[in-house]
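Trainee: How does the following fold in three dimensions:
(one chain, ligands or ions: 1)
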Amino acid sequence: MNDHHNQHPKTFNKGKANQVNAVNGIDLTIADEEFLVIVGSNGSGKTTLLNLISGSILPTSGTITIDNDDVTKLADYQRSKWIARVFQNPINGTASELSILDNFRLAAIRTKAKGLSIGINDAFKSAVKEKIATLGLGLENKIEQPMGTLSGGQRQALTLLMSVMDDCKILLLDEPTAALDPRSAEIVMRTADKLSADFKLTTILVTHNLKDAYNFGTRIIQMSEGVIIKDIDTAQKQKLKQNDLFEWFG
Ligand SMILES: Nc1ncnc2c1ncn2[C@@H]1O[C@H](COP(=O)(O)OP(=O)(O)OP(=O)(O)O)[C@@H](O)[C@H]1O
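Mentor: The predicted model follows:
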């Protein structure tokens, strides 16, 4: 995936006193099946970069290419055949009052989810159970339970599963653990890591959690004031010590 940008790829309030070049002269190529972690202080442009990739906002200048397709002018719903996105709050991804099974039914209708034919029959139910069992969280025995009775972490893990079962190639994770307690956060990060590998996805994670940046992913970029100030590739990341990461922010 290419995210070729020049000059000011995203300027808010152009020409006004409060103009912000939120993302600035970024030229980023992300390889197939790479797991990229984006770190950076508040306001450094991380979410704006994800928004540009997903199509939630359009760039002021520059182009965005997925494989050989120029998607710069496509809206987010038009990019959703390539891209799945999971947000901070697990409540956003699923319907609380519906059972796990019904949430999967909805997802299957919405996205023609991979490996699931829609239905109310036992075949659908056992296909869902089988998929959920791969998470290793024991949730396959709770599929009749309302989603709202699960913990934030369990719910976020299921949201992740539902998002990637669609035919997408790119998974965008925008601080997916920020609203969770440490144990739930760990469940979600492990799930994201596993699904990313199982479904051979290109994954981009925005996080403030330096431990996660250290433990997960194949590459780290650090943003500051709309530009990339560090790019740690796989070989460098393997040699990286956790303290190095903390020092960048020291
Ligand atoms: N819609 C908008 N209108 C005006 N300015 C904006 C808008 N969205 C973002 N910005 C500004 O762009 C800059 C980058 O914001 P962005 O949300 O991308 O940062 P971030 O790195 O994701 O921060 P955080 O870690 O706090 O979520 C900030 O200065 C922000 O105030």
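
Trainee: what's the longest helix seen in the chain in contact with?
Mentor: Once the chain is assigned using DSSP state H, the helix that runs over the most residues is helix 182-198. For helix 182-198, the surrounding residues in contact (Cβ atoms under 8 Å, 6 or more residues apart in numbering) are 35, 86, 134-135, 137, 151-154, 156-157, 160-161, 164, 171, 173, 176-177, 180, 201, 203, 205, 209, 212, 215-216. From N, CA and C alone the C-beta is placed, and that goes for glycine too.

Trainee: So which of the residues you listed belong to helices?
Mentor: When helices are assigned by DSSP H, the members of the contacts of helix 182-198 inside them are 152-154, 156-157, 160-161, 164, 212, 215.

Trainee: So which other helices or strands are in contact with the strand or helix carrying Ala108?
Mentor: Following DSSP states H and E, the helix or strand that holds Ala108 is helix 100-111. In terms of contact count using 3 or more Cβ pairs under 8 Å, 6 or more residues apart in numbering; DSSP states H and E, helix 100-111 is assigned the packing partners helix 122-133, helix 152-165.

Trainee: Deepest-packed of these, please.
Mentor: When the helices and strands packed on helix 100-111 are scored by mean count of other Cβ atoms under 10 Å, the highest mean neighbour count falls to helix 152-165 (a mean of 24).

Trainee: residue ranges with poor pLDDT in the chain?
Mentor: 1-8, 90, 110-120, 250 (pLDDT under 70).

Trainee: Write out the residues of it neighbouring the ligand.
Mentor: 12-13, 20, 22, 40, 42-48 (Cβ under 6 Å from any ligand atom).
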